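Q: Any chance you can model this:
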Amino acid sequence: MPNEDEVTMTNDQPPRPSRRGFLKAGGAAVATGASLGATLGAGLATSQAALAKPAPHPADPALAVEPFYGTHQGGIVTPQQGHTYVAALDLSTDKRDDVIALLRAWTDAAARLTQGGTAAALATGDAADNQPAPDAGDVLALGPNGLTITFGFGPGLFTHEGKDRYGLAARRPAALVDLPRFNGDQLIPEKTGGDLFIQACANDQQVAFHAVRQLTRLAYGVAAMRWGQSGFLSGPRGQTPRNLMGFKDGTNNPSTAKPQLMNQFVWAGASADAPWMEGGTYTVVRRIRITLEHWDNTELGFQEQVFGRHKYSGAPLGKRNEFDAVNLKEEDKDGNPVIPENSHVRLSNQASNNGAQILRRSYSYNDGTNFYIERWPPWRQETEYDAGLIFIAHQSDPRTGFIPINDRLAKFDMMNQFTTHVGSAIFAVPPGAKPGSYIGAGLFET
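A: Numbers count the residues shown, from 1 in each chain. Coordinates of the predicted model:
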């Protein structure tokens with residue numbers, strides 16, 4: 001579960017942790033949509049140029065508006081909203097034109113939804129009574145709620161079971177690699193992979209779910225839901241949120257206010273193999289289940305050793321303030337490192353990973369409970385929380401970002417005795433759409 005981090009390091013290979021544990025994982029959710037249907041562009045009465053201009057955030061979060069059109073897609077460096085719904089779909093069509101039509105429909109619908117509108121213009125009168133409503137209507141009058149919608153392309157868009165369905169195989173970016181199997185992975189197929197990706201983030205839970213629901217509905221006959229996951233964020237706006245383990249999560253993200261850091265670590269350049277990805281990013285999504293019952297009965301001091309931070313202040317061990325620099329060379333009076341060799345902070349530290357950083361934009365999830373039976377000592381039977389983290393990381397290249405960082409964490413992180421990765425996916429997230437065009441147009445038109 002890559003987290004951050006930080007400043008200096010030692011070059012010694014950390015030893016394997018002595019305490020290990022096991023985790024269990026649960027089921028999957030499947031959904032379908034309704035109709036690709038009628039044209040959406042005619043319903044866009046609002047000026048598309050106006051949609052590209054950011055609006056100031058009002059005091060009421062329900063009235064906040066984020067632009068849809070722009071150089072980059074929203075929901076990447078956008079200040080994190082309180083709720084998300086992420087989903088992956090599998091394409092069922094063999095026709096390239098169907099994919100383009102879907103992306104056009106999604107672009108038009110997303111432009112409307114992010115401004116507080118419906119996925120398509122609402123019809124009235126007798127004729128409308130005999131047709132399915134063009135929008136579910138469950139968020140009418142709720143406001144835009146800072147909604148952002150982000151789209152991505154999985155490896156299956158380029159080749160599927162060895163077949164180049166849409167003539168795009170040669171345009172697959174080299175950076176869009178198939179993720180390796182990491183130590184301890186317990187991936188569930190129904191929560192892994194996907195050809196197309198949708199991330200909706202909003203200040204209201206229903207607004208985020210509604211957006212994915214309507215977009216999935218538009219895909220009927222072309223693509224079907226593979227997996228979906230809701231998530232939430234806890235913490236005042238502008239402060240580092242806490243995860244379900246009670247620790248601040250993402251303290252040392254590269255600053256989204258510094259364009260040079262975003263260009264270095266987050267935004268993809270115009271590579272020779274994928275010029276259409278310039279201004280986009282590569283997004284890794286991992287569903288990480290946490291054994292909260294085990295964690296909640298662990299001593300506070302050991303929890304802090306696991307993270308390498310003080311739980312309440314968020315400060316690195318040996319420091320007082322959350323944003324104090326981590327000193328990996330600091331030792332206690334007995335000559336032991338203040339920040340343990342196998343702590344999450346040390347292993348995810350920027351200096352421990354050849355200077356690599358990723359932009360975390362994760363959410364917690366709570367999917368209720370599962371009944372669990374253990375068939376070995378102590379033969380427990382109990383109901384456990386199905387809860388944890390929707391880890392979402394953006395980077396300019398996962399081969400130098402997420403993959404080496406997570407490989408180190410998967411092998412040595414003390415946190416592994418409390419967490420298990422049960423879902424995984426990677427997507428190429430193209431740059432933002434221009435008014436009058438559509439998401440991913442550069443891939444299909446170059």
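
Q: For Val86, list the residues it contacts.
A: 197-200, 212, 228-229, 231, 285, 390, 392 (Cβ atoms under 8 Å, 6 or more residues apart in numbering). Where you see a C-beta, it was placed from the backbone N, CA and C, and this is true even at glycine.

Q: and those residues, which are buried?
A: Neighbour-count burial (16 or more other Cβ atoms under 10 Å) applied to these gives 197-200, 212, 228-229, 231, 285, 390, 392.

Q: Return the member of these nearest to Leu328.
A: Among these, Ile392 lies closest to Leu328 (Cβ to Cβ), at 26.5 Å.

Q: Relative to the one helix or strand the closest one maps to, what are the paired strands and their orientations?
A: Counting by DSSP states H and E, the element that carries Ile392 is strand 381-395. Applying DSSP bridges, strand 381-395 is found paired with strand 281-290 (antiparallel), strand 359-360 (antiparallel), strand 363-373 (antiparallel).

Q: mind listing what's buried in the longest one?
A: The neighbour-count criterion (16+ other Cβ under 10 Å) identifies 363-365, 367 as the buried residues of strand 363-373.

Q: So what touches it?
A: Taking Cβ under 8 Å, 6+ apart as the rule, strand 363-373 contacts 24, 26-27, 83-84, 229-234, 243-244, 287, 380-390, 392.

Q: Quick one: mark the members of the contacts of Val86 that sit in strands.
A: 197-200, 228-229, 231, 285, 390, 392 (DSSP state E).

Q: Make CSV out of those residues and add pLDDT.
A: Listed next are the ones in strands among the contacts of Val86 as CSV, based on pLDDT from 0 to 100:
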residue, pLDDT
Phe197, 98
Ile198, 98
Gln199, 98
Ala200, 98
Gly228, 98
Gln229, 98
Gly231, 98
Val285, 98
Ile390, 98
Ile392, 98
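
Q: From those residues, pick the one nearest Asp273.
A: Phe197 (20.4 Å).

Q: just the helices in this structure please.
A: Assigned by DSSP state H, the chain shows helices spanning 48-51, 96-113, 126-129, 205-218, 259-265, 292-296, 300-307, 344-348, 402-412, 441-445.

Q: average pLDDT for the third one?
A: It refers to helix 126-129. Helix 126-129 carries an average pLDDT of 74.

Q: quick one: the residue lying closest to Gly231 once chain neighbours are set aside from Ala110, how far?
A: Setting aside the residues directly before and after it, Gly231 is nearest to Tyr363 in space (Cβ to Cβ, 6 or more residues apart in numbering), at 3.0 Å. The gap separating Tyr363 from Ala110 is 20 Å, by Cβ to Cβ, to the nearest Å.

Q: got it, and Ala219?
A: Ala219 is 13 Å from Ala110, by Cβ to Cβ.

Q: Settle it for me: which of those two has more neighbours?
A: With neighbours defined as other Cβ atoms under 10 Å, Ala219 and Ala110 compare such that Ala110 has more, 29 against 26.

Q: what's around Ser352, how many residues?
A: Quick note: Ser352 (other Cβ under 10 Å) scores 21 neighbours.

Q: now swap in Gly235 and tell me
A: By other Cβ under 10 Å, neighbour count at Gly235 equals 14.

Q: lowest-pLDDT helix or strand in this protein?
A: helix 48-51 (a mean of 42; mean pLDDT, DSSP states H and E).

Q: low-confidence ranges in the stretch 101-250 of the chain?
A: Applying pLDDT under 70 to the stretch 101-250 of the chain flags residues 127.

Q: can we see that at 80?
A: By pLDDT under 80, the low-scoring segments of the stretch 101-250 of the chain are 124-128, 237.

Q: still on that earlier bit, Throw the ones in strands among the contacts of Val86 into CSV and include distance to Phe323, thanks.
A: Output for the ones in strands among the contacts of Val86, formatted as CSV (distance: Cβ to Cβ, whole Å):
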residue, distance to Phe323
Phe197, 32
Ile198, 33
Gln199, 27
Ala200, 30
Gly228, 35
Gln229, 30
Gly231, 25
Val285, 27
Ile390, 25
Ile392, 22
